[in-house]
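>>> what shape does this take:
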Amino acid sequence: MATDHCARSVDRLSRAYEMRYSTSWSKIKYSNQIRHLAALISVLRDIDETEAGKIANQLKRGGCDPAVACVLDSICSFTIADYYQYEAAGIRIFEHKHLAVKQPVRPRLEKWLRNIPKEDLAEIERIYIVRRGDVDALGTYTPFLCNINLVWDNPYSRFDPVSFFDLFHIESVLYHEMGHHINRHTFGQDEDQEKEADDYSAYLMRRSSHLLFRIFRVLFDAPPPPARKGDTGD
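This is a model prediction of the structure:
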């Protein structure tokens, strides 16, 4: 069975790392090691979620590094049957089937991703569009896996003024999590990391000529955002 083959692959990788690095899974912390482990668990989960969960639990019970545990929890935190799948900007999108929405998500998300420079999107593997309460924040970024969780909390029609502000906030959160990605931030809350992510989000919101920023420029005669090094404006 394909599931047995993947499970054996994970087991062989575990033994290979123990031999090569003279350590155990509890000591694995380097990014290339975590990426290989995450890739195998992700492939296995796409085939058999139950088997992937068992292996992840075995690794966590063995006392794996906290960074590894966070990656495993992120991989195993969803059931693929609950999501619509499609691609946008070359990224796999998983949109929860039970979002409380009155407007389509996909066109809006595709538009926002077009505002992000292509080189900044490099290595983003997946974006999960989730419900309020599915994660403990409005958005999260998972290092090593390069995945983003984005809470889509906008239950209003496009004719409702509240929707405008909800979408503004969701868009800014997406750019904030992208800021964590391009700056290669690590796990945990860090004031400097959050500021870098905020700065990147503010830059993209201004660059996208969002209505609120256009109004701000007119009212306060503010200059347009400065170009980043290598930014072509495409």
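>>> distance from stretch 84-92 to the middle of the chain?
Between the centre of stretch 84-92 and the centre of its host chain there is 13 Å, according to CA atoms, centre = their mean, to the nearest Å.
>>> again but with stretch 56-73, I slipped
Relative to its chain's centre, stretch 56-73 lies at 19 Å (CA atoms, centre = their mean).
>>> pull out the buried residues from it.
56, 59, 60, 64, 65, 67, 68, 70, 71, 72 (16 or more other CB atoms under 10 Å). (C-beta placed from N, C-alpha, C; glycine too.)
>>> of those residues, closest to residue 149?
residue 70 (12.4 Å; CB to CB).
>>> I'd say the closest one and residue 142 touch.
Yes - applying CB atoms under 8 Å as the test, residue 70 and residue 142 come out as touching, 7.1 Å apart.
>>> now the helices for the chain?
2-21, 31-47, 49-61, 66-75, 106-114, 118-121, 161-182, 191-207, 211-220 (DSSP state H).
>>> so which of the ones you listed gets nearest residue 87?
helix 106-114 (9.6 Å).
>>> and the closest one with helix 191-207, angle?
Angle of helix 106-114 versus helix 191-207, following axes from the mean of the first three to the mean of the last three CA atoms, to 10 degrees, is 110 degrees.
>>> helix 106-114 packs against which elements?
Judged by 3 or more CB pairs under 8 Å, 6 or more residues apart in numbering; DSSP states H and E, the packing partners of helix 106-114 are strand 83-88, strand 91-96, helix 161-182.
>>> so what touches the longest one?
Think helix 161-182. 103, 108-109, 112, 115-116, 120-121, 123-124, 138-141, 143, 146, 148-154, 156-157, 193, 196-202, 204-205, 208, 210, 212 (CB atoms under 8 Å, 6 or more residues apart in numbering).
>>> same check on stretch 67-83?
Contacts for stretch 67-83 (CB under 8 Å, 6+ apart): 25, 28-29, 34, 37-38, 41-42, 45-46, 49, 52-53, 56, 59-60, 64, 94-98, 128, 142-145, 147, 186-187.
>>> ok, 7 Å please
Defining contact as CB atoms under 7 Å, 6 or more residues apart in numbering, one finds that stretch 67-83 is touched by 28-29, 34, 37-38, 41-42, 45-46, 49, 52-53, 56, 59-60, 94-97, 128, 142, 144-145, 147, 187.
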